[in-house]
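Visitor: Sequence and predicted model, in that order:
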Amino acid sequence: MTGDSASKPVHFVDQDRRLGWAMLSPALLYIAGFIGVPFVLAILLSFSNATVGDPRITHLVGLANYVDLMDQPVFMTALKNSILITFLTLVVLLVLATILSELLAIEFRFKKLVQTLIILPWAMPVSLATIAWLWLLDSQFSPVDWMMTQIGILGPGGVLGPARHLYYLGRDVLAIASIVTVNVWRLLPLATVIVLAGRLSIPQDRFDQAKIDGAGFFRVLFRITVPALMPVLTVAILFTALVVFGDMATVALLTRGGPGHASQVLPYWAFLKGIQGGDLAGGAAVALFMLPILLVVAILALRIAYRSQEA
Amino acid sequence: MAVLRVENVRKQFGKLAAVDGVNIETKEGELFALLGSSGSGKTTLMRMIAGLEQPTSGDILINGQSVVGVSPQHRNVAMVFQSYALYPHMSVRENILFPLKSRNVPKEKWDEKLQWAISILGIEALLERRPTKLSGGEKQRVALARALVRDPELFLFDEPLSALDAQVRNIARAELRDLQKRTGITTVYVTHDQVEALGLADRLAVMSKGRISQIGTPKEMYETPANLFVASFIGNPPMNLIARGERVLGVRPEHLMLQRDKPQGSEGVTLSLRILLVEFMGSEYLVYGREEQGEHQGQIVARLPQTGSAVPAHGEMMEFFAPKEFVQYFDKNSGDRLP
């Protein structure tokens, strides 16, 4: 091959460097155009006084937009809710995904059917799923309320009070609980698949050995299974945190941040303020306020992912 | 110390009987080997003794008490896996303490038991290390210490040496034997390696297709195999099995000698062979030949001492002699040994 490379011009596809760049360029262009430019614009916007009426970034106002945020109670509520909802979603998700993966790790009849049912929510678009939940949690026609009334928990004489409706989306705590529920419902399939993959990669010998050593179910779970799952779990937790923290679709469709701003979250508040409210600069500031938090989580996630790859 | 009794145990996986009516009774403090090729049911049998599988029918008794239906947690049986199954996220110390913690042994006794186990296996220096930082031999010793630390009634070893290099294996085998004799714990040892089984075991059972072909001491198995399967399975090279009408003649390669070396007045069998191959093995020659007359088609191997009177050459016709006390006969159809 080296013999005739002098006489013949080297073909383009044989030049690794050039070919490499050529193949990378679509991805690079995409990232620069659709992520880089808006990102820089957002930073500039947040330091300006631009509005929808006058979106030119001409006058920079420094940190004024950020200082303003601190004085707005809605912003603080949204920040608190974002963190709370993310945290609660992760905790419930983790517990349920671990239980489900333990279940799916053993053999039983109809296992395939159960697996399919568990994965089903993942196949549904967020909007459709949330609308279904809207109906489930409706103030007047909620089937959940109806069932609880039928078995006597709700309604006159029930433990949850004489009313026949709980008004899930109309009360502060229940609204947040509803958002967490929908988040968990939506993310559980993926979480279960990730945990199950980690669970199945643990050699069976280790579980057998633990049983013979005398360990009961909970000791095996917490001393053998969970430590072995830890690298997978950490990555899954951090990536899920990014998804939940940055998601506005569920809140927008389910509660619209209500009642009042009781279930407001940062991404939706940024949208309301910047796009609907016309305050581009203020909205950008809210959105960018999430950046340091997300950045730390993202860096942690990537570092741990790389480390577990090396080990 | 304990006596293990396995009574008519069967294990059915779907249509396949992995273990098909096995009876075993060990003696106290004995090292009992289960020898068989893969798929013979030996590992399934061991998993049933450990409690990891439940027999479809039959009974398993430890010291006269049935343990069928008892979970592995509640049997005092220790097992060492082929992979050693050390817990990778725990130090050697935590690994060895795990059975004590799991079995709710009082905390005051941990240190004493730990020290006892590690001193027997000589792994005092490894306590703070992680399993990933151990060599194969060290891993085995840690796994043995973890099995030993809780005073089990019964040891179960599932091919514990097969993960080791050939060199380490010989040392590890001797250590294992020594440990078993010193602690006197009744041990069931599963292996597919007949050298290991013959070298280690007080008694052994040869398994094939879920059944036991023969139980006996290594010497009994080697000298008087009960059937053609055991005869062909034990010994390396295996026993020559030569077709003779309705019978099969069996003779070990080392019992074949040159006709000219036949002792005066000795009775026996003479074979005349065309020499196909002569292998020099150091202390001996392995001579491969074939009968030119008669029905037997396969090769016949003789093991001649290096100090013998002559070395056969390739292509030669030679007469070999086997004294009659070393010749045995099997039934061609049933495979059983004939008296």
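Guide: Here it is on my side, so go on.
Visitor: residue at max distance from the center of chain B?
Guide: Residue farthest from the centre of chain B, counting by CA atoms, centre = their mean, is residue B:108 at 39.3 Å.
Visitor: Wait, a helix at that one?
Guide: Yes: using DSSP: H, G, I helix; E, B strand; the rest coil, the assignment for residue B:108 is a helix.
Visitor: Can you show me the helices along chain A?
Guide: With DSSP state H as the criterion, chain A has helices at A:16-31, A:37-46, A:64-70, A:73-105, A:111-119, A:126-136, A:143-150, A:172-200, A:204-212, A:217-219, A:226-246, A:249-254, A:266-271, A:280-310.
Visitor: Please tabulate the ones you listed in a markdown table and include mean pLDDT and distance to residue B:12 as additional columns.
Guide: The way it works is simple: take the backbone N, C-alpha and C, and place the C-beta from them, glycine included. Compiled in a markdown table, the helices of chain A are given as follows (pLDDT from 0 to 100; distance: least, CB to CB, whole Å):
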| stretch | mean pLDDT | distance to residue B:12 |
| --- | --- | --- |
| helix A:16-31 | 90 | 56 |
| helix A:37-46 | 85 | 64 |
| helix A:64-70 | 79 | 70 |
| helix A:73-105 | 88 | 23 |
| helix A:111-119 | 83 | 21 |
| helix A:126-136 | 80 | 46 |
| helix A:143-150 | 74 | 44 |
| helix A:172-200 | 86 | 26 |
| helix A:204-212 | 92 | 20 |
| helix A:217-219 | 89 | 27 |
| helix A:226-246 | 84 | 32 |
| helix A:249-254 | 82 | 51 |
| helix A:266-271 | 84 | 58 |
| helix A:280-310 | 79 | 41 |
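Visitor: Just put those helices in JSON lines and tack on mean neighbour count and distance to chain B.
Guide: Formatted as JSON lines, those follow (neighbours: other CB atoms under 10 Å in any protein chain shown; distance: least, CB to the nearest CB, whole Å):
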{"stretch": "helix A:16-31", "mean neighbour count": "10", "distance to chain B": "36"}
{"stretch": "helix A:37-46", "mean neighbour count": "15", "distance to chain B": "40"}
{"stretch": "helix A:64-70", "mean neighbour count": "16", "distance to chain B": "44"}
{"stretch": "helix A:73-105", "mean neighbour count": "18", "distance to chain B": "15"}
{"stretch": "helix A:111-119", "mean neighbour count": "13", "distance to chain B": "17"}
{"stretch": "helix A:126-136", "mean neighbour count": "15", "distance to chain B": "37"}
{"stretch": "helix A:143-150", "mean neighbour count": "15", "distance to chain B": "39"}
{"stretch": "helix A:172-200", "mean neighbour count": "20", "distance to chain B": "13"}
{"stretch": "helix A:204-212", "mean neighbour count": "21", "distance to chain B": "4"}
{"stretch": "helix A:217-219", "mean neighbour count": "12", "distance to chain B": "6"}
{"stretch": "helix A:226-246", "mean neighbour count": "19", "distance to chain B": "4"}
{"stretch": "helix A:249-254", "mean neighbour count": "22", "distance to chain B": "36"}
{"stretch": "helix A:266-271", "mean neighbour count": "23", "distance to chain B": "37"}
{"stretch": "helix A:280-310", "mean neighbour count": "17", "distance to chain B": "13"}
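Visitor: Spit out the contact partners of the residue nearest to residue A:286 when sequence neighbours are not counted.
Guide: Spatially, and ignoring its direct neighbours in sequence, residue A:286 is nearest to residue A:270 (3.9 Å; CB to CB, 6 or more residues apart in numbering or on different chains). For residue A:270, the contact set (CB atoms under 8 Å, 6 or more residues apart in numbering or on different chains) comprises A:283, A:284, A:286, A:287, A:290.
Visitor: how close does the fourth one get to residue A:78?
Guide: Same thing as residue A:287. 11 Å (CB to CB, to the nearest Å).
Visitor: next one: residue B:238
Guide: 80 Å.
Visitor: likewise residue A:285?
Guide: Residue A:285 sits 12 Å away from residue A:78, going by CB to CB.
Visitor: Check residue B:101 too.
Guide: Distance from residue B:101 to residue A:78, counting by CB to CB: 47 Å.
Visitor: Residue B:115 too?
Guide: Following CB to CB, the distance that separates residue B:115 from residue A:78 is 59 Å.
Visitor: Residue A:254: what's its closest spatial neighbour, skipping adjacent residues?
Guide: residue A:130 (5.6 Å).
Visitor: show me what contacts the one you found?
Guide: Counted by CB under 8 Å, 6+ apart, residue A:130 has contacts A:182, A:249, A:250, A:253, A:254.
Visitor: what domains does the record give for the chain?
Guide: Using chain A here. Taking automatic domain parsing as the criterion, chain A consists of the domains A:1-46, A:66-310.
Visitor: you looked at the wrong chain, it should be chain B
Guide: For chain B, the structural domains run B:4-228, B:238-338, going by automatic domain parsing.
Visitor: contacting residues for the residue nearest the centre of chain B?
Guide: By CA atoms, centre = their mean, the mean C-alpha position of chain B lies nearest to residue B:197, the distance being 2.5 Å. Going by CB under 8 Å, 6+ apart, residue B:197 touches B:33, B:35, B:189, B:191, B:204, B:218.
Visitor: Show only the entries of the residues you listed found in helices.
Guide: Using DSSP H, these in helices are residue B:218.
Visitor: mind putting the contacts of residue B:197 in CSV, distance to chain A, pLDDT and neighbour count included?
Guide: Formatted as CSV, the contacts of residue B:197 follow (distance: CB to the nearest CB, whole Å; pLDDT from 0 to 100; neighbours: other CB atoms under 10 Å in any protein chain shown):
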residue, distance to chain A, pLDDT, neighbour count
B:33, 20, 93, 26
B:35, 22, 93, 28
B:189, 16, 92, 27
B:191, 17, 92, 23
B:204, 23, 93, 26
B:218, 28, 93, 19
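Visitor: show me what contacts the residue lying closest to residue A:283 once chain neighbours are set aside?
Guide: What sits nearest to residue A:283 in space, not counting adjacent residues and going by CB to CB, 6+ apart, is residue A:274, at 1.6 Å. Contacts for residue A:274 were tallied using CB under 8 Å, 6+ apart; they are A:280, A:281, A:282, A:283, A:284, A:286, A:287.
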